[in-house]
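*Asks:* Make a model of this:
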Amino acid sequence: MSGVRVVEFAGLAPSPYSAMILSDLGADVIRIDRPPTGDEITMDPRVNLVNRGKRSIALDLRQDASKSIVTELMRNSDILIEGFRPGVMERLGFGPDEALAVNPRLVYGRMTGWGQDGPYKMAAGHDIAYVAVTGTLHSIGADDPVIPLNLVGDFGGGGAFLTIGVLAALHEARTTGRGQVVDAAMVDGAASLATIIYSLLNAGRWEDRRQANLLDGGTPFYSVYRTADDKHVAVGAIEPKFFAEFVAGLGVEISLSSQYDRAGWPEMRSRIAQRIAERTQAEWIETYEGTDACVSPVLSLREAPTDPHVRERGTLVEIDGAIQPGVAPRFPAHDLAPPPPGSSPLPGAHTREILAELGIEGIDEFIASGTGVQSEADSTAEPTGVSK
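*Replies:* Residues are numbered from 1 along each chain as shown. This next block holds a predicted model:
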């Protein structure tokens, strides 16, 4: 995406994640931050990985001079990303009508929880709310629903779908010369992620209750088991040929023909659990190494980078003690390495640089007035707050 410029209004979780993906893929992402007040209670911005590889300009958007800078950024960008409630950008004077009047080719990406319309559009919410109303949260867990972190709503249903939308709209803009609004709602994306579950439900192959189905822990051969060293292994031996290899490695008498006999699942689960509890996680992984039994270690966040496959592919990398995901997806024709953790800038780290690129005059006066802020700290300095 070299040559593509993205202007991102600073927000939380899904919208900066979308901009991170675009930055990882080579776009020039300029993040508009608010001037720091000193009262923020957040992590050091330089270790916030969703801001990696971006540049930051800090502007007081209450000032007319700052608004003119935003207008110039919109005029000179391909994509705009914002994550405010409906109407906020319009009140700031940067709504789609104003933006597309300045730059008819602009792709205007809007990231919200509930979307730009509907009875909940102005309601407060978090990931858990958007996942709850789509049936997804109800389907995960055992006796009670289990929260899937904020991966399904914020990042999967939100940031990833916003990225898909702005890339599709960018393609159309380059074909037709017309930009447009992308209305990305976490509630919509969370529902889309559950497409296959609704397919199974419609086909009568999914019970609308937890741990009663093929993929929700209801079967003994697609589940998680505790090992002798109080760790876990994940078993995904769905297909009969994989199930056969799993049973062979267990060393327990289990009839292969009984795999899909629901009446026998409780007893089968008990026998598998008792057997796996007799050995350590490492011993089971060694047992199944090189087989198609689909048995994997359940690794912690700090253990995951040590997995040989994860390490060799650079799926997770550790730089200066900081663990971060690599770039995804991969493009063999391009070497897209993740930037170092210190590339997440302080707010205003590039204010002067960006103003100069826009051809703004009187930069010293602009910053002296407090309308814009240039971070005094070296944005390339080693970030604090990183465990060594």
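
*Asks:* Which elements pack onto the top helix by length along the chain?
*Replies:* Across the chain, the longest stretch assigned as helix under DSSP state H is helix 161-176. Using 3 or more CB pairs under 8 Å, 6 or more residues apart in numbering; DSSP states H and E as the contact criterion, the elements in contact with helix 161-176 are helix 14-24, strand 79-82, strand 107-112, strand 180-185, helix 186-193. All C-beta spots, glycine's among them, are computed from the backbone N, C-alpha and C.

*Asks:* quick check: angle from the helix or strand just after the last one to helix 186-193?
*Replies:* Which is helix 186-193. For helix 186-193, the following helix or strand on the C-terminal side (DSSP states H and E) is helix 195-202. Per axes from the mean of the first three to the mean of the last three CA atoms, to 10 degrees, the angle that helix 195-202 makes with helix 186-193 is 60 degrees.

*Asks:* Using CSV, write out every CA atom in helix 195-202.
*Replies:* Extracted in CSV, the C-alpha atoms of helix 195-202 (Å, rounded to 0.1, in the frame of the first residue of the first chain):
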residue,chain,number,x,y,z
THR,A,195,-22.2,-17.2,9.5
ILE,A,196,-21.2,-20.9,9.6
ILE,A,197,-22.9,-21.4,13.0
TYR,A,198,-26.1,-19.9,11.6
SER,A,199,-25.7,-22.2,8.6
LEU,A,200,-25.5,-25.3,10.9
LEU,A,201,-28.5,-24.0,12.9
ASN,A,202,-30.6,-23.6,9.8
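
*Asks:* That one packs against which elements?
*Replies:* Checked by 3+ CB pairs under 8 Å, 6+ apart, helix 195-202 has no helix or strand packed alongside it.

*Asks:* Note down every partner strand of the helix or strand that that helix is followed by and its orientation.
*Replies:* Where DSSP H and E defines the elements, the next helix or strand beyond helix 195-202 is strand 222-226. As defined by DSSP bridges, the strand partners of strand 222-226 come to strand 232-236 (antiparallel).

*Asks:* So what touches the strand it pairs with?
*Replies:* Residues from elsewhere that reach strand 232-236 (CB atoms under 8 Å, 6 or more residues apart in numbering): 221-227, 242, 246, 272, 276, 281, 284-285, 293-298.

*Asks:* Just the helices from the stretch 201-350 of the chain, written as ranges.
*Replies:* Counting by DSSP state H, counting those that start in this stretch, the stretch 201-350 of the chain has helices at residues 240-250, 265-276, 281-288, 308-313.

*Asks:* again with the stretch 1-150 of the chain
*Replies:* According to DSSP H, counting those that start in this stretch, the helices that the stretch 1-150 of the chain contains are 14-24, 64-75, 88-92, 96-102, 127-132.

*Asks:* Quick check, residue 89 in contact with residue 81.
*Replies:* No - assessed by CB atoms under 8 Å, residue 89 is found out of contact with residue 81, at 11.0 Å.

*Asks:* what residues are shared contacts of these two?
*Replies:* residue 9.

*Asks:* More neighbours: these two, which one.
*Replies:* Higher neighbour count among residue 89 and residue 81: residue 81, with 29 against 20, using other CB atoms under 10 Å.

*Asks:* Against residue 208, how distant is that one?
*Replies:* In this view, residue 81 and residue 208 are 36 Å apart by CB to CB, to the nearest Å.

*Asks:* do residue 186 as well
*Replies:* 22 Å.
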